[in-house]
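Student: Model the following, please.
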Amino acid sequence: MKNNISFKMGCIIILIVLVIGAVILVLAGIRMYNSMVTLDEQVNEKWSQVQNVYQRRLDLVPNLVNTVKGYASHERETLQAVTEARAKAGGMINVGQEALENPELFKQFQAAQSELSSALQRLMVVVERYPDLKASQNFLALQNQLEGTENRIAVERRRFNEAARDYNTYIRKFPRAFLARIFGFESKNYFEADTEAQTAPKVEF
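Tutor: A predicted model of the protein is given here:
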């Protein structure tokens with residue numbers, strides 16, 4: 001009789017321990033999942049900021065091109081290159097958050113923005129030949145806005161990379177890697193530090 005009671009008590013204790021252990025695991029899993037969601041949203045928010053500053057640059061380009069055209073209309077090749085690069089970059093500006101987990105799409109986005117940066121650099125070299133243009137108040141205002149935007153782009157890209165690094169590190173560590181795989185949390189892409197993408201157009205004279 002006593003043996004039966006002891007056995008039942010032992011089973012109850014084991015069951016209680018298992019239930020408590022299961023509850024702890026579930027709570028830990030919920031906490032890890034919520035942390036992944038938070039970090040994922042932080043990456044998405046930083047990505048939105050990157051898109052905003054790139055959009056700001058796109059908005060400045062037409063006015064910049066028109067201003068230069070007023071003083072150097074015969075520089076058609078350079079002006080056309082900027083216009084075409086802007087159109088290409090504009091087509092990639094709203095690729096959405098799917099680009100964060102698609103290396104090829106992310107690379108295309110970065111390449112389009114890099115091409116526009118290069119075209120703007122060439123435009124600024126052309127501007128050096130026209131003292132009247134460099135002295136234009138309209139051009140000076142656009143120059144200052146573009147310079148500020150380029151600086152902002154560098155800042156937002158760095159912040160995005162930091163958020164992506166924190167997220168990627170979190171989901172790759174054990175045991176969170178298993179939970180991330182189960183719920184479909186994928187690694188995010190980084191902006192690469194290549195020469196073309198990182199060099200802002202030279203707008204100081």
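
Student: just for this protein, where's the confidence low?
Tutor: Filtered on pLDDT under 70, the chain yields the residue ranges 1-3, 193-205.

Student: Okay, the most centrally placed residue in it and Q80: tell me how far apart.
Tutor: The chain has W47 as the residue nearest its centroid, 3.7 Å off, counting by C-alpha atoms, centre = their mean. Counting by C-beta to C-beta, to the nearest Å, the gap from W47 to Q80 is 31 Å. No exception for glycine: its C-beta is placed from N, CA and C like everyone else's.

Student: Contact partners for K188?
Tutor: V43, L100, E101, A164, Y167, N168 (C-beta atoms under 8 Å, 6 or more residues apart in numbering).

Student: Show me the residues you listed that map onto strands.
Tutor: Under the assignment DSSP state E, these contribute nothing to strands.

Student: out of the residues you listed, who's nearest I12?
Tutor: Nearest to I12 among the contacts of K188: Y167, at 43.2 Å, using C-beta to C-beta.

Student: Tell me how many other residues surround the nearest residue to N189 once chain neighbours are set aside.
Tutor: Nearest non-adjacent residue to N189, counting by C-beta to C-beta, 6 or more residues apart in numbering: F106, 4.1 Å away. The tally of other residues near F106 (other C-beta atoms under 10 Å) stands at 20.

Student: And F106, which helix or strand is it part of?
Tutor: For F106, the host element (DSSP states H and E) is helix 103-127.

Student: Tell me the buried residues in that helix?
Tutor: Within helix 103-127, the residues scored as buried using 16 or more other C-beta atoms under 10 Å are 105-106, 108-124, 126-127.

Student: Kindly report the same for stretch 93-105.
Tutor: I93, V95, A99, L100, N102, L105.

Student: List the residues that contact the residue nearest to the centre of the chain.
Tutor: By C-beta under 8 Å, 6+ apart, the contact list for W47 reads Q97, L100, F160.

Student: Check those against L140 and report the nearest one.
Tutor: Proximity of these to L140 (C-beta to C-beta) peaks at F160, which lies at 30.4 Å.
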